[in-house]
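Attaching a predicted model along with its sequence, questions to come.
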Amino acid sequence: MLGATGRPPQRPPGPVPGEATPAVAAVHDRAGNVVGAAFLIDSTRLLTCAHVVQAALGPEPAVAGPTDAVLVSVTFPLVTPGRHLTALVLPQHWQPGRPDGSGDIAVLQLVAPAPDAARPVRLARPGQAGTRDRICRVFGFPRALPEGRWFEGWVVGPIGGGWIQLANRSDSGYQIEPGFSGAPVWDSRLRCVIGMVVAVDQVVRPQPARPAAFMIPIRRLPVPDQFGRPRVLPRWRQPFSRWRTGPAPGAARWSRRVRARVAAFLVALLAVGLAAVPEPLDGCAGPVELRVAAAPDDLVTYQAVAAAYESWTAARAGGCRTTNVFVYPAAPREVAQGLQLGWAATDGDPGTPGWYPADVGPRPDVWFPGAEPPAQQVLNLTTVRDYLTVARSPLVLAVPRALVDPGRDDADRQRSLSWPELFAKASRGREEAPTATASGRRVTGTGWQVVRPDPAVSPEARMVDVALYDGAPDLAWIRQQVEQRLEAAQDGRGFPLGSLAAVLCRQRQLAADPAGPAPPAVITTEQALVQFNLGERLGDGCVEYGRPPPGGALVAFYPALTPGVDHRMVLLGWPDSVQSVVARSAADDLRRWLTGPGRDELLARGFRVPGRDGAGPALTEENGVLPGWLLDNPQWELVDGSDVLALNTADQRYREARRPARVLLALDTSGSMLAEAGRGTRFDVAVDGVAASLRQLGGRDEVGVWAFSTDHRGAEGRIRDVGRADRARDEALLARLRRTVPAGDTPLYRTIDAATREVRRLGGGRDEYLRAVVVLTDGRDTASGGLVPRVEGDPPVRLYVIAVGEASCDDRVRTRTLRQTARASGGQCVQAQASTVDRALTGLFRQLWEKGAGQ
Amino acid sequence: MTDRRPGGAPGTVRRRRRVPASFLFGVAVGTAVGVVATLGWYVATREESLERGELVILSGKDTSSGGQREELVKLWNVLHPQSPARIREAPVTTDQQHSDMVGIAQAQAAGAGEDPDDEVDVYNLDVTFTAEFAAAGYLRPIDEARLAPGHLGAFVPEVLDSCRYRGSLWALPFNTDAGLLFYRSDLLGGGQAAGPGGAPRFDWDAIIDRSAALAGASGAAQRPVAGYVGQFGPYEGLTVNGMELVWAGGVDRLVDETENRVIFQRDRWERRLRDVAAARRTGLLVGDAFTVPGDEGRSLRDFQEGRALFMRNWPVNYRALAATDAAPGPRVPFEVTRLPGPSALGGQNLAIAEQSRQPRAAQALIEFLTRQEAQRTLFTEGGFAPTRTDVYADAALRQRFPYLALLGEALREARVRPRVPRYFQFSRVFREGVQTALEGDGTLPEDFEARLNRALRGG
């Protein structure tokens, strides 16, 4: 056994510990149970509470005098779990607890050397302990758990008897319990031990679940110098020990030369540290935040591009991410309006697309408007620092591979037909008369059918209209040969009146159904086709992803001349108070990357890149495209999104050629519509939306309005019969709606069923109207008695649901959700906030009304 | 007076007493020092008034019923017309809010703002932002000496803890949240070990056993199709649910915040993940639990419509479950208790912007918004869970809102998500790993620890 003045055991040098855990020992009783903690204060001695020793000894008498050799068993569970060591209770330092709160201290001397990995703790200076609100951590053994648990809390302040009170905090999960007695209290900021846990309050007030705990501060504990020269480890000294009790006896041996060497070493270490490790604690400096708005259809694409850029900057900065690119979806129309409003609109005027930034998104540093080219007046704003085209993609006809007969069709894949000729081939039946091409060839119809995104929301569709209407003799021809065929395909297969991503999403659903017939051909961009075939996510609203079955993969047919979609990058500048200089600089860096090394990433996403003739790895035959097409056909571009005149002409012709809409709007007037929505009740905001929607009604469109709740006889009140725009009737309708006081329950499904039947009942040719039921509701169905609405049927009726408040598109109608039911009909279920339901309504009617189609 | 004549008798001339110059100098210096010290003491100790000028609070859009935060700010403006406040709205969703606030904070930290009206004085930060903002130097610590006596002590300690970072107090808690376990009381009657509040407790073994017995696609037509619904979609909800599973496995801390390193113990981290992954295949979770949206609303509807035996969700959903517009009373019989392990702490904290030219007024505003009256109003009218113990102790409120007492208990057991500067990156890596584990056999990725540490370092 080593005596108090014995030679310290040798061990490999180790660093001064940064925490107390290598010093914490568990004190065991005779049965091997943990009764408390102790901690190493030099190479062989441990400090603990006298009552812990008494608990370990059990009924044996406590340490009585200097000649008594009392032994206890300890382990170091975080260093060598399970290895028991014997320790002698040093009688000269035995201080049993006294009634005044003093004492309760014991010093243990290890009989055998401590484990190699055990390290004595660093002790605080007197005066450092006891400060209020100091964060501390304790590792102890609650409920006799031998592996131990952490307590984390803070020092509350001194109480009588020289103790300090501790308080709990949330992320420890454990409170101080008797098994923590004798454990060191580690100050996280000072990185040293400031006391020893001694007791927990037995009084069960004021908070029974969390009694107060106490520690003996470091100034009241015996420290190594008080019982002789500390048994220091090689190259380890108890910090501040000289300060505490005067120079240690061995201090004189530190000659001036040694001190000078130590000082020089420390200076050199500091210099090297400063040079080599600029951010030692956290590793990397904080990244610059770059806010990027992207068109919803392109969200996934630009998120992938942004991730590649982040990785590239991190590689340049030695593994530290220097820029955090946050890409969020924002409709180009809303961003354009936000730029004009300085991104600070807060009113609820339905003419304003949204509240900025609360509803639309953060103020963007960069904007990717996707296929929609910003208007020149937007680009002329001072907010726009610069803009450029970073990628492009041609419009193609994408045909499911299962429908393609290579012998018949391969020749037509590349530039042999114009858009009208290709469209005729795809949309006409085999039984119809062949079409004569400009070259004198006669092309027989294939019966594929063709769907196109909705020109009201899709810039790609507007561009392709320019090509499809090219050479059309008159409006009747456009109606019969183009629009009717497109409408029939849309209705027949439940395609939405939506964006390109929405149409491809439906295509993906149809392609994945092995029992269904082959899906139709789709007008799309080459890049979206590649994304479809690769199984990537399509836009922000499409849940389905994954590669299609081989027969459902799409094959690109390239017309002789075709519109091209240019993807622009717009750099935005805001006042210094909301946009940092470094953010602008990061945006410039992103631009440099996208026009330099980042072009490879754009190619990998299926784009064609200006200045790069070669096709990327994604543009392959396997993915359905002709990689060499651009080189073979350098003058391919018929029109782009900036050709305003051509686009407006096509829009006008489209409006005149499309079928009018017949819409029945059903408004929920149940009691919950009285809930506050920021600008009045939910019902008030909804009526604002109705008013704005009626203003968009086209000359040939028809609308009817119902109110539904159990307060109405038969569940619905027919407050406007289906008919064309009539100012007097509409004014009366709005006046009546504004007088309505919502009440009753929600017969949602019964209303959907009745409204669908009503729209069908009104008659008219199958192709004569775009038929739709629009339901605005804020609650789940509560009064339909188990009725399942029948939406499918002939003529097709599209179901649109705007769900607000408690209502949800995920509510189930027997086996399908409301969203699935609406989508199967070619409609849509939109989850809207109560305060912006008017926006949702006007946005929907913009698609349905012929007048809105041109706006 | 004696005539002073030359040559007169010396005895007739009274000698003038002279005060030593050094004494006079000492008096003068002493007086001067005294005056300066008195003035200095006065200046140093006098109660400083609040700075004048408008205060700007950058806060996520208030979606509470009736805009209760706005109402409180109006009340402040009536009481403090010299320092009126206004809320500048940030986006609603947490990730958009984070980007917007960080972007603005970086701009303001550059000190380039010329217009005081554009300066943000107070940030209303999600609990997970606080460490990042404090570490980046965007915040000014709370001056505790200026707070009213007892103000700090009134907060739920665990909630106040979310405002601390590296030993300093950077914010005061505005509202909080802790997850609860909702369960079908008709199918899961008594027989459980009662918790402290008398409510039954279910540990993960019990949830899995009961789910296997009472839920699943096979069996009676009326039985729930899933045992347990939570938030497993690819967003912060999955991080929260994943951390709660790891904590329930006996893990105390995920990250050593002092060292900014993950404390990874594979066996313990995977313990409950393995249990859940194994039970998932037999109907513990819904089939598409990991797809979009997989959020609070989705799980609420599943539970509401009787498709689940247990639901982990936030307390605000109690109101939705307990009342519908059809009829008062729940559609499915349910009770609520604490989660099988600690919950992750949610909520928002109010902090003073480092660049604010009105720090005293900003702090006074924060103190005003976190007082008992404000917290009561925000809870009763707006549904925000309070941050103060005195609101939880209010007998009238406990009677009116039966889940309040339980929420108070859950908060005391709740844990703060790691307070690290790169929490967002850490969270993304964490939830990707949890999803991999739950979709597999519960095994976390091989390099999970290294990836988490890299994220913590900002790599």
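Structure received. Residues are numbered from 1 along each chain as shown, chains lettered A, B, ... in the order given.

Bridged to residue A:168, which residues?
residue A:153 (DSSP bridges).

and it, what does it touch?
Residue A:168 makes contact with A:151-153, A:175-176, A:210, A:213, B:157-158 under the criterion CB atoms under 8 Å, 6 or more residues apart in numbering or on different chains. (Each C-beta comes from the backbone N, C-alpha and C, glycine too.)

If I look at it, what pLDDT would I see?
For residue A:168, the pLDDT comes out at 77.

cool, and residue A:56?
87.

quick one: what helix or strand has it in it?
helix A:50-57 (DSSP states H and E).

what does that helix contact?
A:27-30, A:35-38, A:62-63, A:70, A:72-73, A:89, A:94-97, A:103-106, A:108, A:181-182.

one step back: go through the contacts of residue A:168 and name the one nearest residue B:136.
Distance to residue B:136 across these (CB to CB) is lowest for residue A:152, with 23.7 Å.

The closest one against residue A:137, yeah?
Yes. With contacts counted by CB atoms under 8 Å, residue A:152 reaches residue A:137, the gap being 5.0 Å.

circling back: let's see if you can find the most crowded of the contacts of residue A:168.
residue A:176 (29 neighbours; other CB atoms under 10 Å in any protein chain shown).

ok, that one - contacts?
So residue A:176 contacts A:138, A:140, A:151, A:153, A:166, A:168, A:197, A:200, A:213 (CB under 8 Å, 6+ apart).

again, only using 6 Å
Residue A:176 is in contact with A:151, A:200, A:213, counting by CB atoms under 6 Å, 6 or more residues apart in numbering or on different chains.

Just send the residues you listed back as a markdown table, with secondary structure and distance to chain B too.
Listed next are the contacts of residue A:176 as a markdown table, based on DSSP: H, G, I helix; E, B strand; the rest coil; distance: CB to the nearest CB, whole Å:
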| residue | secondary structure | distance to chain B |
| --- | --- | --- |
| A:151 | strand | 9 |
| A:200 | strand | 16 |
| A:213 | strand | 13 |
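
now those as a markdown table including pLDDT and distance to residue A:82?
Below are those laid out as a markdown table (pLDDT from 0 to 100; distance: CB to CB, whole Å):
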| residue | pLDDT | distance to residue A:82 |
| --- | --- | --- |
| A:151 | 84 | 23 |
| A:200 | 82 | 27 |
| A:213 | 86 | 28 |
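
coming back round to it: now, which of the contacts of residue A:168 sits nearest residue B:368?
Distances from residue B:368 to those, taken by CB to CB, are shortest for residue B:157, at 21.6 Å.

confidence score at residue B:305?
So residue B:305 comes in at 76 (pLDDT).

now swap in residue A:23 and tell me
Looking at residue A:23, its pLDDT is 88.

Number of residues surrounding it?
27.

Can you report phi and psi for it?
phi -100, psi -10 (degrees, to the nearest 10).

Spell out which parts of the stretch 351-459 of chain B neighbour chain A.
Within the stretch 351-459 of chain B, the residues that sit near chain A (CB under 6 Å from any CB of the partner chain) are B:414-416, B:421, B:457-459.

List the residues that contact residue 120.
Defaulting to chain A. Residue A:120 touches A:23, A:40-42, counting by CB under 6 Å, 6+ apart.

right idea, wrong chain: chain B
Applying CB under 6 Å, 6+ apart, the residues near residue B:120 are B:56, B:58, B:108, B:353.

Can you tell me how far residue A:540 is from chain B?
10 Å (CB to the nearest CB, to the nearest Å).

Distance across stretch A:616-632, terminal residue to terminal residue?
16 Å (CA to CA, to the nearest Å).

What lies in contact with that stretch?
A:414, A:526, A:529-530, A:533, A:553-556, A:558, A:603-604, A:606, A:615.

List the ones among these that fall in strands.
Counted as lying in strands by DSSP state E, out of the contacts of stretch A:616-632, are A:554-556.

would you list the residues you listed in JSON lines and tack on distance to chain B, pLDDT and neighbour count?
As requested, these are exported to JSON lines (distance: CB to the nearest CB, whole Å; pLDDT from 0 to 100; neighbours: other CB atoms under 10 Å in any protein chain shown):
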{"residue": "A:554", "distance to chain B": "24", "pLDDT": "97", "neighbour count": "28"}
{"residue": "A:555", "distance to chain B": "29", "pLDDT": "96", "neighbour count": "25"}
{"residue": "A:556", "distance to chain B": "29", "pLDDT": "96", "neighbour count": "24"}
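
Sort out which residues of the strand or helix carrying residue B:76 are buried, please.
Using DSSP H and E, residue B:76 sits in helix B:68-79. Across helix B:68-79, burial judged by 16 or more other CB atoms under 10 Å in any protein chain shown covers B:68-73, B:76-77.

Kindly indicate which of the contacts of residue B:120 lies nearest chain A.
Distance to chain A, by CB to the nearest CB, is smallest for residue B:108 among those, at 6.6 Å.

Leaving out sequence neighbours, find the closest residue to the closest one.
residue B:355 (5.0 Å; CB to CB, 6 or more residues apart in numbering or on different chains).

what residues does the helix holding residue B:76 touch?
Here helix B:68-79 has contacts from B:62, B:84-85, B:87, B:368-369, B:374, B:378, B:381-382, using CB under 6 Å, 6+ apart.

next SSE after it?
strand B:85-90.

you'd agree residue B:335 is in a strand?
Yes. Membership of residue B:335 in a strand is supported by DSSP: H, G, I helix; E, B strand; the rest coil.

Just give me the neighbour total for the closest residue to it other than its chain neighbours.
With CB to CB, 6+ apart as the criterion, residue B:335 has its nearest non-adjacent residue at 4.2 Å, and that residue is residue B:185. Residues near residue B:185, counting by other CB under 10 Å, number 15.

ok, residue B:185 - contacts?
Residue B:185 touches B:333-335, counting by CB under 6 Å, 6+ apart.

CSV please, covering those residues and showing neighbour count.
Listed next are the contacts of residue B:185 as CSV, based on neighbours: other CB atoms under 10 Å in any protein chain shown:
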residue, neighbour count
B:333, 13
B:334, 20
B:335, 16
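
Out of those, which is nearest to residue A:667?
residue B:334 (31.8 Å).

re earlier: now render the contacts of residue A:176 as a markdown table, adding distance to residue B:104.
Shown next, in a markdown table, are the contacts of residue A:176 (distance: CB to CB, whole Å):
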| residue | distance to residue B:104 |
| --- | --- |
| A:151 | 38 |
| A:200 | 46 |
| A:213 | 42 |
